[in-house]
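Student: Okay, predicted coordinates and the sequence, questions at the end:
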Amino acid sequence: MNRRVVVTGLGCVTPLALDVPSLWNGILEGKSGIHPLTILDATHHKVRFGGDVPNFDPGITCEPKDLKRLDRFSLFAMWAAYHAIIDSGLDFSKEQATAVERSSVQASEVSTRSKSRSCACTPKA
């Protein structure tokens, strides 16, 4: 049985940008997301530059209690998923329950050791 997948929206969290249009423009302009580290004190380390994600405020995608219990990478995933849903233009309040149950968000992360991990989250109807 062949199953089709439709990508309806995109979201991203990168050192270069926190939205797809800005990321794409940055890539086309040849910009790099590597910069002096800002989210941690790197004075005691040999390397003081990298690809951290500055100016990241997950407040629009999470409740304050979730901000305390989720790690930064989970917040990245929620941010990207939120923006992918907005980008898709889907209005889940107007969709049939089965369509919402079959909707999912695919989140992927590639580590520095070239191993990839992914997880899928399905919104509750």
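Tutor: Noted; the coordinates are in hand.
Student: what residue ranges in this structure score low on pLDDT?
Tutor: 5, 95-125 (pLDDT under 70).
Student: thinking G9 is in contact with I86, fair?
Tutor: Yes - between G9 and I86 there is a contact under Cβ atoms under 8 Å: 6.9 Å. For glycine as for every other residue, the C-beta is placed from the backbone atoms N, C-alpha and C.
Student: neighbour count winner among these two?
Tutor: More neighbours surround G9 than the other of G9 and I86, with 16 against 12 (other Cβ atoms under 10 Å).
Student: measure the closest residue to the more buried one other than its chain neighbours to T38 for me?
Tutor: Take G9 and drop its neighbours on the chain: the residue closest to it by Cβ to Cβ, 6 or more residues apart in numbering is S88, 3.0 Å away. Counting by Cβ to Cβ, to the nearest Å, the separation of S88 from T38 is 31 Å.
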